[in-house]
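1. for reference, the sequence and a predicted model appear below.
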Amino acid sequence: MAISIADNLGSVTRRIQKATMAAGREPGAVRLLAVSKTRSSDDIRAAVSEGVHAFGENYLQEVLDKMAELQDVPELEWHFIGPIQSNKTRAIAEHFDWVHSVDRLKIAKRLSDQRPDTLPALNICIQVNVDGEASKAGCAPDELPELARQLATLPRLCLRGLMAIPDPDQSDAQLQHSFKTLAEALKAMRADLPQAEALDTLSMGMSGDLELAIKEGATWVRIGTALFGERPAKS
Ligand SMILES: *Cc1c(COP(=O)(O)O)cnc(C)c1O
């Protein structure tokens with residue numbers, strides 16, 4: 001059966017609105033990041049025609065190809081959300097508006113050094129490994145305060161907040177605990193750093209758990225499957 005991005009967007013938007021209201025948060029407090037990894041540029045065009053403008057991608061070469069195909073589409077906002085190798089930082093610094101997955105100083109320094117002067121500072125979230133063993137990506141919670149202090153001084157980055165990808169196979173209670181841990185870490189960062197005002201971002205929640213994340217304060221939810229359908233297995 002053909003997937004209707006318009007229908008899916010309608011139901012995702014309703015889920016976001018309902019969860020935002022239930023949490024007693026402002027309408028519009030939660031923004032949708034459409035995760036378009038493995039999707040074609042035509043899928044992205046279809047989402048754009050329904051009013052989506054922010055897209056999250058994980059694989060650099062794939063997204064550079066799609067950016068080239070989408071040059072005629074105005075006002076697209078690109079977010080890098082995947083693991084970052086050193087040799088990819090220049091292209092990321094040159095082509096993206098946001099990076100959600102910074103988890104070490106070396107990568108942050110390269111992104112700052114390589115961000116072109118003609119572009120505004122690159123928006124950054126630090127990825128935190130909120131559930132320990134389950135994943136290797138993300139900085140350890142006890143290393144976060146020091147990393148945040150160092151990152152906050154880099155001139156061509158704008159530190160905006162935190163991102164996490166908790167293990168989706170956990171119980172709802174465990175997931176909610178992970179989201180709460182991230183929200184509390186952001187609060188501590190705001191108390192610790194001079195630029196508290198800019199620290200307005202919690203990137204957390206995906207297709208299966210966006211309600212729990214919004215309850216705990218998500219400001220970006222990163223939605224792939226619920227918008228574009230099941231992803232083909234990556235070979
Ligand atoms: C793939 C991906 C998503 C989207 O996940 P869905 O479950 O398909 O909504 C969100 N965040 C990151 C970092 C991803 O890699």
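-> On my side now, so go ahead.

2. ok, now how distant is Thr118 from the ligand?
-> Per C-beta to the nearest ligand atom, to the nearest Å, Thr118 is found 28 Å from the ligand. Where C-beta positions appear, they are placed from N, C-alpha and C, glycine not excepted.

3. nope, Ala121 is what I was after
-> 22 Å.

4. my guess is that residue meets Leu157, correct?
-> Yes: between Ala121 and Leu157 there is a contact under C-beta atoms under 8 Å: 5.8 Å.

5. contacts for the longest helix seen in the chain, please.
-> In terms of residue count, the longest helix belonging to the chain (DSSP state H) is helix 172-192. Outside helix 172-192, the residues that touch it by C-beta atoms under 8 Å, 6 or more residues apart in numbering are 128, 130-131, 141, 144-145, 148-149, 161-164, 166, 168, 170, 196, 199, 201-202, 204-205, 209, 212-213, 215-218.

6. which of those fall in strands?
-> Gly161, Leu162, Met163, Thr201, Leu202 (DSSP state E).

7. against Asp65, how distant is the nearest residue to Leu186 once chain neighbours are set aside?
-> Of all residues not flanking Leu186 in the chain, Leu162 sits nearest, at 5.1 Å (C-beta to C-beta, 6 or more residues apart in numbering). Note on Leu162: its distance to Asp65, by C-beta to C-beta, to the nearest Å, is 30 Å.

8. quick one: mean pLDDT for stretch 137-154?
-> Mean pLDDT, computed over stretch 137-154, is 96.

9. do that stretch and the ligand meet?
-> No: interface with the ligand: stretch 137-154 contributes nothing (C-beta under 6 Å from any ligand atom), its closest point being 8.9 Å away.

10. for that stretch, measure first residue to last.
-> 22 Å (C-alpha to C-alpha, to the nearest Å).

11. what residues sit buried inside it?
-> For stretch 137-154, a neighbour-count test (16 or more other C-beta atoms under 10 Å) marks Gly138, Cys139, Pro141, Glu143, Leu144, Leu147, Ala148, Leu151, Ala152, Leu154 as buried.

12. what of stretch 44-61?
-> Neighbour-count burial for stretch 44-61 flags Ile44, Ala46, Ala47, Val48, Glu50, Val52, Ala54, Phe55, Gly56, Glu57, Asn58, Leu60 (criterion: 16+ other C-beta under 10 Å).

13. so what's the closest residue to the fourth one other than its chain neighbours scoring on pLDDT?
-> What it means is Val48. Leaving aside its sequence neighbours, Val48 sits nearest to Val73 (C-beta to C-beta, 6+ apart; 5.8 Å). pLDDT recorded at Val73 is 97.

14. just say helix, strand or coil for Val73.
-> Secondary structure state of Val73, per DSSP: H, G, I helix; E, B strand; the rest coil, is coil.

15. before we move on, back to that, which ones, among the buried residues of stretch 44-61, also lie beside the ligand?
-> Asn58.

16. including pLDDT, could the buried residues of stretch 44-61 go into JSON lines?
-> Converted to JSON lines, the buried residues of stretch 44-61 look like this (pLDDT from 0 to 100):
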{"residue": "Ile44", "pLDDT": "97"}
{"residue": "Ala46", "pLDDT": "96"}
{"residue": "Ala47", "pLDDT": "97"}
{"residue": "Val48", "pLDDT": "97"}
{"residue": "Glu50", "pLDDT": "96"}
{"residue": "Val52", "pLDDT": "98"}
{"residue": "Ala54", "pLDDT": "98"}
{"residue": "Phe55", "pLDDT": "98"}
{"residue": "Gly56", "pLDDT": "98"}
{"residue": "Glu57", "pLDDT": "98"}
{"residue": "Asn58", "pLDDT": "97"}
{"residue": "Leu60", "pLDDT": "97"}
